[in-house]
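K.L.:
I would like to see how this sequence folds:
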Amino acid sequence: MHPIKALDVILASFFVLFAVYAGTNVFSPVRFDREKIDVFITGGQIHVRGFYHYRNRLPLPLTFSLGLPFPVDSMHAAPSTYSVSEVSPDGSAIREIATRKYHRNVVFRLFFWPSGEKWIGVDYRQQVAAPNARYILLTTRKWKRPLEWGEYALHLGNAYELGVSNYNLQKSTDGPGMSYCFIKQNFLPAEDWVFSWKPAASLAASRRDP
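P.N.:
Model (predicted):
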């Protein structure tokens with residue numbers, strides 16, 4: 001093969017491999033290592049606000065695709081509104097991230113600079129026909145590594161009190177009304193977070209009074 005043509009083939013092969021590397025998740029070294037989740041109960045819906053930390057472990061740029069898994073069933077409708085944004089470590093928005101539907105799933109793409117990291121904020125509201133909900137945690141297992149740290153809070157306000165939760169919750173003093181939370185380190189979830197609520201005892205008693 002002519003030396004110049006051989007060089008062209010090598011360069012073309014490099015760019016093809018780089019395109020595959022940058023455009024798919026197959027070789028992606030991105031790590032998902034932290035999350036902070038707040039769930040607010042407001043009437044017949046839940047409002048979920050999540051912050052997720054991702055880190056590119058290689059000194060190369062890349063793009064990475066992610067999906068939004070929503071816990072939908074006959075009693076829990078698909079979210080009426082949702083948004084994805086890049087945020088600062090304190091949670092303030094930096095820019096909105098476009099989403100699209102792919103095979104009925106909501107997906108989006110992230111770009112990482114070499115050795116870069118990002119906080120991503122996800123916000124959604126979901127109508128519920130029963131006083132219970134589920135936050136999906138099992139997708140963490142697909143990353144094959146435990147989270148370094150995760151914080152999960154349930155905010156019930158003054159109108160509701162805690163029913164049950166499959167994770168042990170502690171009362172929190174953050175914000176008005178009743179709030180509960182649990183914090184995990186080196187966390188590889190064995191199950192999703194399932195919880196329920198009920199009208200506050202004082203409110204229920206007032207409804208019984210003539």
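
K.L.:
quick one: low-confidence parts of this protein?
P.N.:
The model of the chain has pLDDT under 70 over residues 1-28, 174-176, 202-210.

K.L.:
how does it look with 90?
P.N.:
1-29, 42-44, 58, 80, 101-105, 144, 157-158, 172-178, 200-210 (pLDDT under 90).

K.L.:
helices of that one, residue ranges please.
P.N.:
Along the chain, counting by DSSP state H, helices occupy 3-23, 201-208.

K.L.:
how near is Ile136 to Gly50?
P.N.:
10 Å (CB to CB, to the nearest Å). C-beta here means a position set from N, CA and C on the backbone, and glycine is covered the same way.

K.L.:
who has more neighbours, those two?
P.N.:
Per other CB atoms under 10 Å, whichever of Ile136 and Gly50 has more neighbours is Gly50, with 18 against 13.

K.L.:
please name the residues that touch that one.
P.N.:
Listed by CB atoms under 8 Å, 6 or more residues apart in numbering, the contact set of Gly50 reads Glu35, Lys36, Ile37, Asp38, Gly121, Val122, Asp123.

K.L.:
kindly report the same for Ile183.
P.N.:
By CB under 8 Å, 6+ apart, Ile183 lies in contact with Trp149, Gly150, Glu151, Tyr152.

K.L.:
put together a markdown table for the residues you listed, with neighbour count and distance to Arg141 on each row.
P.N.:
Output for those, formatted as a markdown table (neighbours: other CB atoms under 10 Å; distance: CB to CB, whole Å):
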| residue | neighbour count | distance to Arg141 |
| --- | --- | --- |
| Trp149 | 15 | 17 |
| Gly150 | 21 | 13 |
| Glu151 | 14 | 19 |
| Tyr152 | 23 | 16 |
